[in-house]
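**Q** No sequence on hand, only this structure:
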């Protein structure tokens with residue numbers, strides 16, 4: 001028995017059920033003057049975003065590095081996303097200047113020791129406090145004072161506007177933490193609070209950033225004199241967060257909370273509101289990278305948002321979706337699970353009742369469904385079954401989740417349970433074409449041919465140009481011996497797939513057994529006249545169009561002949577939405593030429609046909 005066209009999947013068709021429009025503004029947080037407009041985006045799984053960073057020629061910083069050790073080393077620029085760029089070699093007690101192309105917002109150094117021709121592991125100064133926020137034109141002077149462990153000191157920072165900040169001595173984080181310190185207003189924190197307020201009052205973004213840099217100078221000077229004041233570290237976190245220096249902001253808030261744990265629970269004046277504002281800013285930056293199709297940067301900033309504030313679900317879900325597109329499936333699983341944990345946790349902070357409802361009714365089902373899909377991609381079908389069952393406990397009428405559960409059950413050898421679920425799908429009238437199609441495939445495999453026909457027919461009712469469903473109906477009716485019912489379906493397949501020798505043979509047999517001799521002869525002549533044939537043709541629908549796979553076989557053409565096939569694609573109403581050409585070369589009759597092509601659209605595509613192009 002020849003198999004029907006098998007299971008087909010849109011890589012995120014079910015995520016669309018709760019997808020929010022990109023760019024839609026959901027809420028405006030107004031808890032303090034540092035509020036920001038938060039744009040929520042649920043990025044559908046499977047959207048392939050090509051990472052890139054397009055920096056202008058002048059987007060550089062000048063870095064001066066002085067090696068104060070006697071060790072030969074290689075020096076690297078270390079960016080906040082952990083991207084490293086080799087700068088060059090430094091001999092003992094040597095200094096060098098480098099122009100570094102910007103690859104992030106925060107910069108530190110990494111080194112690799114060179115000794116007797118051997119290379120050690122690269123060591124990065126990756127403590128958050130070792131990073132400095134940079135902008136084009138900035139000049140940074142670093143000293144490397146020890147290699148193991150690596151100690152670097154930021155001697156001087158000159159912004160592109162000419163401001164100079166000098167740093168000497170130990171890190172502000174080196175002092176011992178003594179819990180229970182009360183925040184206090186000192187002459188230093190009074191000056192830094194005033195500087196922060198002045199920065200907040202600036203309408204011009206450039207002047208605002210300049211103001212926060214000035215505030216940072218005040219804070220650092222104060223911390224050189226008092227390292228046990230929680231308020232100073234609170235101010236440090238506020239300034240770093242406002243400058244987009246999220247890792248350093250997180251470290252500062254951590255220090256403030258360690259010194260004064262009450263900051264964690266204070267609604268006014270505590271760290272949580274400032275962490276949330278940093279989350280909003282980082283989240284919106286990530287959304288900008290999504291719109292620019294820079295997946296790597298989007299993931300980085302979604303993760304930075306979660307570093308700032310881990311009580312929101314949206315950044316986890318979006319990071320998971322972006323990771324799928326870039327192939328980091330394990331990372332996406334972790335992020336979808338984190339989103340679920342946040343939503344289920346009493347510590348989760350939706351902010352208001354409307355967002356709580358969105359979490360429960362949209363984000364929670366989406367995170368579960370996407371998690372199940374990615375587990376399936378990694379062939380972890382037992383885990384996927386558990387995820388889908390959990391989803392269906394809350395949403396028992398979710399036909400899409402039922403279909404995915406049935407497919408996962410099939411892959412775990414529980415075909416009987418899968419058939420039961422597909423029977424339920426067939427009894428419904430609100431499933432997607434792919435759900436009916438896959439139900440038909442499972443029922444066909446279980447030798448439930450009459451019900452398989454129903455599944456394929458229901459798919460066709462919702463997508464009439466779905467060639468693969470047409471062929472499966474015709475083939476199943478042929479096996480049932482219902483040739484009279486088969487004829488119109490196989491004839492329709494040949495209108496869309498006019499060089500399919502297998503379908504021609506099936507159609508000719510049905511015509512003959514139905515007593516349609518004249519039509520039989522005509523179809524046989526068409527088959528015999530085919531110069532080539534197409535076989536194993538099928539569509540792989542995606543969230544953004546479709547891929548086509550097939551084989552071309554030579555029948556009467558000279559080996560090496562080239563053919564152009566023009567494919568037309570259709571929406572679910574049967575209307576054409578575009579074309580795509582593919583060139584195939586035929587050789588010996590027994591050797592097939594594999595071909596494939598992709599078609600892009602803003603939705604799942606199921607319908608297609610082809611003809612020989614010019």
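**A** Yep, it's here. Keep in mind that this is a model prediction, so the values were computed, not measured.
**Q** only C-alpha atoms for contact and neighbour calcs from this point on.
**A** Fine.
**Q** Sketch out the low-pLDDT regions of the stretch 101-250 of the chain for me.
**A** Counting by pLDDT under 70, the stretch 101-250 of the chain shows low-confidence ranges at 114-129, 155-180.
**Q** Show me the strands in it, by range?
**A** For the stretch 101-250 of the chain, the strands defined by DSSP state E, counting those that start in this stretch cover 106-115, 118-119, 123-124, 132-133, 139-146, 151-158, 164-166.
**Q** Show me the domain layout of this protein.
**A** 59-113, 187-269, 464-530, 532-612 (the TED database).
**Q** Mean pLDDT lowest where, among those?
**A** Within the domains of the chain, the stretch with the lowest mean pLDDT is domain 59-113, showing a mean of 79.
**Q** in stretch 408-425, what's buried?
**A** Residues of stretch 408-425 classed as buried: 408, 409, 410, 411, 415, 418, 419, 421, 422, 423, 425 (neighbour count, 16 or more other C-alpha atoms under 10 Å).
**Q** which residues does the closest residue to the fourth one other than its chain neighbours contact?
**A** The one in question is residue 411. For residue 411, ignoring the flanking residues on the chain, the nearest one in space by C-alpha to C-alpha, 6 or more residues apart in numbering is residue 381 at 6.6 Å. Taking C-alpha atoms under 8 Å, 6 or more residues apart in numbering, we find residue 381 in contact with 375, 408, 409, 411, 412.
**Q** which one of those residues is nearest residue 557?
**A** Comparing the contacts of residue 381 against residue 557 with C-alpha to C-alpha places residue 411 closest, at 42.1 Å.
**Q** Tell me which other helices or strands the helix or strand harbouring residue 252 touches.
**A** Here residue 252, judged by DSSP states H and E, is contained in helix 246-259. Judged by 3 or more C-alpha pairs under 8 Å, 6 or more residues apart in numbering; DSSP states H and E, the packing partners of helix 246-259 are helix 230-242, helix 271-291, helix 295-308.
**Q** you'd agree residue 559 is up against residue 586?
**A** Yes - here residue 559 reaches residue 586: they are 6.0 Å apart, a contact under C-alpha atoms under 8 Å.
**Q** Compare neighbour counts for the two and give me the winner.
**A** Set residue 559 next to residue 586 and count neighbours by other C-alpha atoms under 10 Å: residue 586 wins out with 23 against 13.
**Q** mind pulling up the phi and psi values for the more buried one?
**A** phi -100, psi 150 (degrees, to the nearest 10).
**Q** Would you mind confirming that it makes contact with residue 564?
**A** No - applying C-alpha under 8 Å as the test, residue 586 and residue 564 come out as separate, 11.2 Å apart.
**Q** Save the helices and strands packed on helix 246-259 as JSON lines, and put in distance to residue 95 and mean neighbour count too.
**A** Below are the helices and strands packed on helix 246-259 laid out as JSON lines (distance: least, C-alpha to C-alpha, whole Å; neighbours: other C-alpha atoms under 10 Å):
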{"stretch": "helix 230-242", "distance to residue 95": "29", "mean neighbour count": "27"}
{"stretch": "helix 271-291", "distance to residue 95": "35", "mean neighbour count": "24"}
{"stretch": "helix 295-308", "distance to residue 95": "32", "mean neighbour count": "25"}
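**Q** Relative to residue 260, which of those helices is closest?
**A** Closest among those, using C-alpha to C-alpha: helix 230-242, at 6.2 Å.
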